[in-house]
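Give the three-dimensional model of this entry:
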Amino acid sequence: MNIKDIAQLSGVGVSTVSRVLNNHSDVKLSTREKVLQIIEEYNYIPNNSARVLKQNNTKNIGLLVKGVFNPFFSEMINIIGSKVDSAGYTMILEQNDYNIYQDVDNVISFAKEKKLQGVICLGGNFIDIKDDSFASLNIPIVLTSVNTLSKKGKKTYSSVGIDDVKATYEVTKYLISLGHRDIALILGKDDDIGISWWRLNGYKNALNDSNIPLKDEYILIGEYESRRSYEVTKKLLLKNKNITAIFCLSDIMAIGAAKGIIDSGLKIGKDISLIGFDGMDYSEFYNPAITTVKQPKTLMAETSIKLLLDLIKNSIENQHILLNTELIERESCRRIK
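Numbering: from 1, shown residues only. This next block holds a predicted model:
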């Protein structure tokens, strides 16, 4: 029995249970009574609280990853782990791929149960952050490459990422500058309310600024999978003969789209221009090499752990850092009339 179990049995969030345990006043009486009843019924004894977490002398840093098998994150995990070890801490890695909209609660539960001195989150849907979301924690939180639409609570956590709107706007304008007007966009998951939403807006803004009508049938879901991207690309090209360019929001999806183009009897870089996103190595070694948007994953990882360690030392305040992307032009794109 842990705090997450109590939350599920009570029908509330982990943060609410935490506020009840710490006797916060901002909990409705009916909710407080419900939680306390479950605690009494199951004879739950809390392991710790935010105050105990601050007072203990553990040397544990948590890394909470949504997409642990994502090759983009795998290199970042290695970099962060190395820096954690060099700083004299122990890294505790936890996978967070099963609950779509409970990432705030998962961070709180993870931090309390493992008695962490700080947490870095790689990926995740932090769309519901509120001013008091991390009030029950007294440790630094760094959100790296996460989905968030909320502007609240920014004083209680730090973040490291890229300007997703700007990156996709510039790529779409690049394709337009090459003469393309029928440009398909392959998004990740349809529940990516943060990253996919921002990137979709960059794409829409570029089309609008160039007076190109938005066509809903040109916007597809690739599930961040090569196979799914292959399937939707074949269907797209079968139904829409006017398509001249495809922009995928990950290199993994671009690989699938590339095969979809070829199996449709078309040539990449001649009949269809193709662009990926992330700057993964295998996009360079595909034939033809795929143009991609390079995210500075090494710098993102190094910035995230340095930021967390400085926050643990209380030497800085929370920061929100945006890093630059770079368009790597290769053989998969060409100018058309």
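
which residues sit in contact with the closest residue to Ile219 other than its chain neighbours?
Leaving out its chain neighbours, the residue that sits closest to Ile219 by Cβ to Cβ, 6 or more residues apart in numbering is Leu185, at 5.2 Å. C-betas here are computed from N, CA, C, even on glycine. Applying Cβ atoms under 8 Å, 6 or more residues apart in numbering to Leu185 gives the contacts Leu200, Tyr203, Tyr218, Ile219, Leu220, Ile246, Phe247, Leu249.

can you check Asn240 too?
Asn240 neighbours (Cβ under 8 Å, 6+ apart): Asp182, Ala184, Glu217, Tyr218.

so the second one sits in a strand?
Spelled out, it's Ala184. Yes - membership of Ala184 in a strand is supported by DSSP: H, G, I helix; E, B strand; the rest coil.

quick one: it and Ala245 touch, right?
Yes - between Ala184 and Ala245 a contact is recorded at 7.1 Å, counting by Cβ atoms under 8 Å.

and the contacts of Leu185, which are buried?
With neighbours counted by 16 or more other Cβ atoms under 10 Å, these contain buried members at Leu200, Tyr203, Tyr218, Leu220, Ile246, Phe247, Leu249.

ok, the contacts of Asn240 vs Glu331, which is closest?
Closest approach between those and Glu331, by Cβ to Cβ: Ala184, at 19.3 Å.

what about that closest one, neighbour count?
By other Cβ atoms under 10 Å, the residues close to Ala184 number 24.

can you tell me how far it sits from Asp190?
The gap separating Ala184 from Asp190 is 16 Å, by Cβ to Cβ, to the nearest Å.

go on, Glu302?
For Glu302 relative to Asp190 (Cβ to Cβ), the value is 32 Å.

Dump the contacts of Asn240 into a markdown table; add pLDDT and distance to Pro140 as well.
Shown next, in a markdown table, are these (pLDDT from 0 to 100; distance: Cβ to Cβ, whole Å):
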| residue | pLDDT | distance to Pro140 |
| --- | --- | --- |
| Asp182 | 98 | 47 |
| Ala184 | 98 | 41 |
| Glu217 | 96 | 45 |
| Tyr218 | 97 | 42 |
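
Pick out the most distant pair among those residues.
The widest separation within the contacts of Asn240 (Cβ to Cβ) is 10.5 Å, between Asp182 and Glu217.

of the two, who's got more company?
Between Asp182 and Glu217, counted using other Cβ under 10 Å, Asp182 has the larger neighbour count: 14 against 10.

separation between that one and Ser283?
23 Å.

ok, which pair from the buried ones among the contacts of Leu185 is furthest apart?
The most distant members of the buried ones among the contacts of Leu185, if one measures by Cβ to Cβ, are Leu200 and Ile246, lying 14.8 Å apart.

Just to check, Val293 is in contact with Gly279?
Yes - using Cβ under 8 Å, Val293 is in contact with Gly279, at 6.7 Å.

of the two, who's got more company?
Val293 (25 against 19).

what's near enough to touch that one?
Ala167, Val171, Ile275, Gly276, Phe277, Asp278, Gly279, Thr325, Glu326, Leu327, Ile328.

What count of nearby residues applies to the last one?
Meaning Ile328. Neighbours of Ile328 (other Cβ under 10 Å): 16.

What of the first one?
Residues near Ala167, counting by other Cβ under 10 Å, number 22.

Give me the nearest residue to it, chain neighbours excluded.
Nearest to Ala167 is Thr325, by Cβ to Cβ, 6+ apart, at 4.6 Å.

which ones are touching the one you found?
For Thr325, the contacting residues are Ile162, Asp163, Ala167, Val293, Lys294, Gln295, Pro296, by Cβ under 8 Å, 6+ apart.

so of the buried ones among the contacts of Leu185, which ones are in strands?
Counted as lying in strands by DSSP state E, out of these, are Leu220, Ile246, Phe247.

could the residues you listed be laid out in CSV, adding pLDDT?
Listed next are those as CSV, based on pLDDT from 0 to 100:
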residue, pLDDT
Leu220, 96
Ile246, 98
Phe247, 98
